[in-house]
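K.L.:
Here is a sequence with its predicted model. Questions after.
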Amino acid sequence: MDIVFIILNIVVLFIVIGLLYSMQKKHISFGKRVLTAMGVGLVLGAILQGIYGAGTDILTGTLDWYSIVGSGYVRLLMLIVVPLVMVSIIRAIINLEKTKQLGKMAGWVIGILIGTTMIAAVIGIGAALLFGLSADQIEAGQSENERAASMEERYASIGDQTTPQRILAFIPNNIFLDMTGERPTSVIGVVIFSLIAGVAVLGIRRKQPKQAELFVKGVNAIYVIVMRIVTLILRLTPYGVLALMTNMVANTNYAGVLELGKFVISSYAALITMLLIHLVLVAGFGLNPMTYLKKAFPALAFAFTSRSSAATLPINIQVQRNELGVDEGTANISASFGATMGQNGCAGIYPVMLAVMIAPMVGINPLAWDFLIPLILITAISSFGVAGVGGGATFAAIIVLSSMGLPVGLAGLLISVEALIDMGRTALNVNGSMVAGTLTSKIIGGHDAEKFNDKNSVADNRLYSSKNVKILK
C-alpha cells in the first residue's frame, strides 16, 4: 500500500515541475521561477510531513525519489565546478595586460572576505549576548549526545593541526587529486594551479608566441563548451530548488526548532544584520543595494536550499559576471576563494556564538576583552580552509572552540536545528563572496556599471534559455 502513496507523491512532484516549465515557456523571469519553486517546496514539504509524519516509510521513500531531482542537480553543479574554475581563471589571466593586476585582485578579494568575517564575528558575539544565550539552557537527548561524541572524535583527528599547517594545506601537491574534490581545500588547490598556469602562459607569450597562441585558442574553445554546459545545467535550477526545499522542510524537526527557538531567532537576527552590512558596503561604493539584491537572488536562493557554497559556485560566477557587472577574473577568484575561506556565516557568526554560549560553563567571562579580542582574531584566521559543503560550520566551530580552550562536544547540542540555521549561513557565505567580487571589481576598475544598472538583465531568461548563445561568444 505504501508504494501507491509514494507513486502519488511522485506524480505531484512532476505536476509541479510541469507548472514551473510552463512558467519558463511563458518567459517568466528566472528569479521569479526560483522564488516560486522555493515557496511551493516549502508548502509541499510541510504537507508531506503533516500527512505522513516524520520518519515514516512513505515519507522516507518519497523523499528518496525527490532526491533524484534535488541531489541530482547538486551533483551536476559539482560536476562542472572544477572545469569551470580552471578554464575560466586561466582564460581571465591570459587576458590581463599585467600580472600585477592579478596580485591586486586576489589581495582585495581575500582582504574583503577576511575583513567581513571579523565584522560577522562581532555581530555574532553581539547576538549571543543580546539574546542571553547559554549552553546550559539546552537539554541533551540521545541524538545530541551522539553528535557531541562525534565532534569530540573529529577534533581528535584535526586538533593537533596548527594554523600554519592548515594554511599549508591550501598548496596543492597533486592537482589530479584536487580535481576530484578529495580535500576540503580542493577548490583552492585548483585555483592556485590555474593561477600558475595562467601566469606561465603570459611568460611563454613573450618568448614563444606561436605556442602561447595555440594554447590560448584551445582554452577559448574549451571555455565556450564549458560555459554552454553551465548554461544547460543552470536551466534546471528551479526544479532543483523545488526538490531541495521540499526535502528540507519535510525532514525538519519542528519540536527541536521550538525547543531551540531562541537560538534560531538569534542566529537569523545576526545573519540578517550581516546581510544588511553587506548592502551598506555595496551602497558605500556607489551601487544600488536593492538592484544588487535582486540580481544576487538566484544564487542566494540556491545556496539557501542546497546548503553548499561549493555547489553554488557556478551560479555565483554567472550572477557576478552577467548580472552584477563583475569582470571575469574577479568573479572567478572571489567565488572560488569565498567557497573555502572568509565565510561570514559558517566561519564568522556561528563559531563565536557557540563560544559565547559555552564560555560561562567553564568559568570564562564572555564579556572580558581578553576573551573577545582573541576570539575575533582566531575566528578570522580559522576561516581559511572551511569546506564549502554541509558540515563546514562544524569544522570552523571545532577549530575556534579548541583554540579558545573550550569543549567542542557541547556544540553537538544544536543538532536538531543545524540544517535550518545552515541554510541561512550558506546564503550569507555566498553573498559575502559576491560582495567581495563586486567591491574588488570596483576598486581595480573592472566593474561594468552599465550591466549592473541594466534592469532588464535581472536574472531573466536571456541567461538561462537557448537565447543566451550570444552571451557565450
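P.N.:
Sure, I can see it.
K.L.:
and the next element down the chain from whatever helix or strand Ile333 lives in?
P.N.:
In the assignment (DSSP states H and E), Ile333 maps to helix 328-338. Counting by DSSP H and E, the next helix or strand C-terminal to helix 328-338 is helix 350-358.
K.L.:
Show me which parts of the helix holding Ile333 are buried, residue by residue.
P.N.:
328-338 (16 or more other Cβ atoms under 10 Å). C-betas here are computed from N, CA, C, even on glycine.
K.L.:
Make TSV out of the residues you listed and add pLDDT and distance to Lys455.
P.N.:
Shown next, in TSV, are the buried residues of helix 328-338 (pLDDT from 0 to 100; distance: Cβ to Cβ, whole Å):
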residue	pLDDT	distance to Lys455
Glu328	85	22
Gly329	85	26
Thr330	90	23
Ala331	91	20
Asn332	87	25
Ile333	88	27
Ser334	91	24
Ala335	89	24
Ser336	85	29
Phe337	86	30
Gly338	86	26
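K.L.:
Tell me which other helices or strands the helix holding Ile333 touches.
P.N.:
helix 57-94, helix 100-130, helix 186-207, helix 313-322, helix 418-443 (3 or more Cβ pairs under 8 Å, 6 or more residues apart in numbering; DSSP states H and E).
K.L.:
relative to helix 418-443, how tilted is the second one?
P.N.:
Here the directions of helix 100-130 and helix 418-443 differ by 140 degrees (axes from the mean of the first three to the mean of the last three Cα atoms, to 10 degrees).
K.L.:
Sketch out the low-pLDDT regions of the stretch 1-150 of the chain for me.
P.N.:
1, 96-100, 136-150 (pLDDT under 70).
K.L.:
if we can go back for a sec, Throw the helices and strands packed on helix 328-338 into JSON lines and include mean neighbour count and distance to Asp454, thanks.
P.N.:
Shown next, in JSON lines, are these (neighbours: other Cβ atoms under 10 Å; distance: least, Cβ to Cβ, whole Å):
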{"stretch": "helix 57-94", "mean neighbour count": "20", "distance to Asp454": "22"}
{"stretch": "helix 100-130", "mean neighbour count": "21", "distance to Asp454": "24"}
{"stretch": "helix 186-207", "mean neighbour count": "18", "distance to Asp454": "29"}
{"stretch": "helix 313-322", "mean neighbour count": "26", "distance to Asp454": "10"}
{"stretch": "helix 418-443", "mean neighbour count": "26", "distance to Asp454": "15"}
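K.L.:
Adding distance to Leu271, write the ones you listed out as TSV.
P.N.:
Output for those, formatted as TSV (distance: least, Cβ to Cβ, whole Å):
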stretch	distance to Leu271
helix 57-94	22
helix 100-130	9
helix 186-207	23
helix 313-322	18
helix 418-443	5
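K.L.:
Could you check how far the closest residue to Lys295 other than its chain neighbours is from Met434?
P.N.:
Excluding the flanking residues, the one nearest Lys295 by Cβ to Cβ, 6 or more residues apart in numbering is Glu323, at 3.9 Å. As for Glu323, its distance to Met434 is 10 Å (criterion: Cβ to Cβ, to the nearest Å).
K.L.:
Over to Asp370?
P.N.:
Asp370 is 35 Å from Met434, by Cβ to Cβ.
K.L.:
ditto for Ser383
P.N.:
Applying Cβ to Cβ to Ser383 and Met434 gives a distance of 17 Å.
K.L.:
so how many other residues sit close to His27?
P.N.:
Close neighbours of His27, defined as other Cβ atoms under 10 Å, add up to 11.
K.L.:
Could you give the backbone dihedrals for it?
P.N.:
Torsion angles at His27 (phi, psi; degrees, to the nearest 10) stand at phi 60, psi 30.
K.L.:
And the residue nearest the centre of this protein?
P.N.:
The chain has Ser309 as the residue nearest its centroid, 2.1 Å off, counting by Cα atoms, centre = their mean.
K.L.:
these two touch, right, it and Phe302?
P.N.:
No: at 10.5 Å, Ser309 and Phe302 do not qualify as touching, with contact defined as Cβ atoms under 8 Å.
K.L.:
Pull the number of nearby residues for Pro164.
P.N.:
8.
K.L.:
Relative to Ser308, how far out is it?
P.N.:
28 Å.
K.L.:
Ok, Glu328 next?
P.N.:
Distance from Glu328 to Ser308, by Cβ to Cβ: 23 Å.
K.L.:
next one: Leu428
P.N.:
Counting by Cβ to Cβ, the gap from Leu428 to Ser308 is 14 Å.
K.L.:
and stretch 403-419, how far apart are its ends?
P.N.:
For stretch 403-419, the separation between the terminal residues is 25 Å (Cα to Cα, to the nearest Å).
K.L.:
ok, now stretch 173-185?
P.N.:
End-to-end for stretch 173-185, by Cα to Cα: 12 Å.
K.L.:
How far does that stretch sit from its chain's centre?
P.N.:
Distance of stretch 173-185 from the chain centroid (Cα atoms, centre = their mean, to the nearest Å) equals 19 Å.
K.L.:
model confidence over it, on average?
P.N.:
For stretch 173-185, mean pLDDT is 82.
K.L.:
got it, and stretch 253-269?
P.N.:
Mean predicted lDDT for stretch 253-269 stands at 81.
K.L.:
send the alpha carbons of that stretch over as PDB?
P.N.:
The C-alpha coordinates for stretch 253-269 follow below in PDB (Å, rounded to 0.1, in the frame of the first residue of the first chain):
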ATOM      1  CA  ASN A 253      12.400  18.500  13.400                       C
ATOM      2  CA  TYR A 254       9.800  21.100  14.400                       C
ATOM      3  CA  ALA A 255       9.900  20.100  18.000                       C
ATOM      4  CA  GLY A 256      13.600  20.800  18.100                       C
ATOM      5  CA  VAL A 257      13.100  24.100  16.400                       C
ATOM      6  CA  LEU A 258      10.500  25.100  19.100                       C
ATOM      7  CA  GLU A 259      12.900  23.900  21.900                       C
ATOM      8  CA  LEU A 260      15.800  25.900  20.400                       C
ATOM      9  CA  GLY A 261      13.700  28.700  19.000                       C
ATOM     10  CA  LYS A 262      15.800  31.300  20.900                       C
ATOM     11  CA  PHE A 263      19.000  30.200  19.300                       C
ATOM     12  CA  VAL A 264      17.400  30.000  15.800                       C
ATOM     13  CA  ILE A 265      15.900  33.500  16.200                       C
ATOM     14  CA  SER A 266      19.200  35.000  17.400                       C
ATOM     15  CA  SER A 267      21.100  33.200  14.700                       C
ATOM     16  CA  TYR A 268      18.900  34.600  11.900                       C
ATOM     17  CA  ALA A 269      19.000  38.100  13.600                       C
END
